[in-house]
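J.: coords please:
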Amino acid sequence: MKPENNYRLPGPYFPLQGLRVLEFCWVWAGPFLGQFLADLGAEVIKIEWYDRYDVYRTRGIELLRGKIPAEIYREMSPSFHSLNRNKLGFSVNLKEADGVDLVKQLAAKSDLVIENWSYGTLDRLGVGYEALKAVNPALVMLSLSAFGPNSRLSDMRSYGLVTSALAGAEEPLKVNGEFVGSPTFNVSDPNAALFGLLGSMAAMIESHETGKGFNLIVSQLEAVMTLMAGGPPERDDGLIHGVFETADGKYVGVSVPAHGDREDLAAWCRERSAASLIVDIEQLGGHGAEVINVIDSPNAATFADLETQIATEHPVTGREDVIAAPWRINGRRAPVRKPAPLMAEGNTHILRDILGLSDEAIKSLKERQVV
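T.: Here you go, the predicted structure:
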């Protein structure tokens, strides 16, 4: 039996139009994968509950806890907004049998399930792969586990820096043999999301052709290890690479032919402004670029003609600019169809229009705090 939704439906910017995805994800890696799929046109339904919502809903605004109503507080985080655009929100209580049954009904009408909760959580809740496969044999499930099912660390909850440290991605970050602190908090989560996108799309192609489902598990630890397979970069190219402070208090990343040691280069850099240093570096046959604050980078002159930001209108926080997806389809960026979902925002649409429930049945579910 082939999936009901044909993810190959044509669209000018949305090649995954027609693909329905259930997302059981929080924090970064899983929601980032879900956003990739949504940006490409998939209908992504983000599943949460009021006492188990995505913790990124409050990331960066923790000091506001208790000072504003909870229904406003959990909708204000720019971090959540930047990872969950174009998704529908569905709030359902998976500790209730009827809530589990609703998810199974949705799975029967879906093509892909993605999750990055602690390994085995969905099985314990009754909505793991075997349970959902029973209602949809063609279903693909993709789990972004921190360590995978075969590791003695499988039950450990982990965040990105832990997996990148265990994978060896942090060890090379030394100057003169001393650890200088990690700039690679960004490595593990988005790297896992990309591996998840690759695996899920490959499985979807096969599922679409054969009607056969798949249960894919991506170890975030092993995904980082693939980046380190060649070992740390060797510095025997006759160049000095590094980031150095300039006379005007800025920093410039440089790769320059060695005419002395790092200390000599650092002193030479401190005698010049950032702009003049870049010019002088190029005259020496090297390359340099000013280090830009991540907050300021979208507005930097370097990106002036790239349209890296897209304006959105969030119903709680108002006008926001979000970083656009890095691809262009038919020469244009895909527009943002909707901002990140409010809690329970899509409940009525999902229950009535997708599952076909009556208004009376929906009212009963709400009264019994199933949805």
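
J.: going forward, measure contacts between C-alpha atoms and count neighbours the same way
T.: OK.

J.: Which element is encountered next along the chain beyond the longest helix along the chain?
T.: Ranked by residue count, the top helix of the chain under DSSP state H comes out as helix 188-210. Using DSSP states H and E, the helix or strand that follows helix 188-210 in sequence is strand 214-219.

J.: what packs against the longest helix of the chain?
T.: helix 29-39, strand 140-145, helix 160-166, strand 214-219, helix 220-227 (3 or more CA pairs under 8 Å, 6 or more residues apart in numbering; DSSP states H and E).

J.: average pLDDT for it?
T.: If you average the pLDDT over helix 188-210, you get 90.

J.: in that helix, what's buried?
T.: For helix 188-210, the neighbour count (16 or more other CA atoms under 10 Å) marks 188-197, 200, 203-204, 207-208 as buried.

J.: which SSE is E263 in?
T.: Element membership for E263 (DSSP H and E) is helix 262-270.

J.: which outside residues touch that helix?
T.: Contact with helix 262-270 is made by 240, 244-247, 277, as judged by CA atoms under 8 Å, 6 or more residues apart in numbering.

J.: Among those residues, which ones are in strands?
T.: Judged by DSSP state E, the subset of the contacts of helix 262-270 located in strands is 240, 244-245.

J.: Out of the helices and strands packed on helix 188-210, which gets nearest to A304?
T.: Ranking the helices and strands packed on helix 188-210 by proximity to A304 (CA to CA) places helix 29-39 first, at 22.5 Å.

J.: quick one: average confidence on the closest one?
T.: For helix 29-39, the mean pLDDT works out to 95.

J.: Equivalent analysis for stretch 117-136, please.
T.: 93.

J.: I'd like the distance from it to the chain centre, please.
T.: Here stretch 117-136 is found 22 Å from its chain centre; the criterion is CA atoms, centre = their mean, to the nearest Å.

J.: Mind listing residues that contact that stretch?
T.: Stretch 117-136 is contacted from outside by 24-26, 94-95, 100, 103-105, 107-109, 139, 141, 144-146, 148-149, 154-157, 213, 215, using CA under 8 Å, 6+ apart.

J.: Buried members of the residues you listed into ChimeraX, please.
T.: The buried residues among those can be selected in ChimeraX (16+ other CA under 10 Å) with this line:
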select :24,25,26,94,100,103,104,105,107,108,109,139,141,144,145,146,148,154,155,213,215
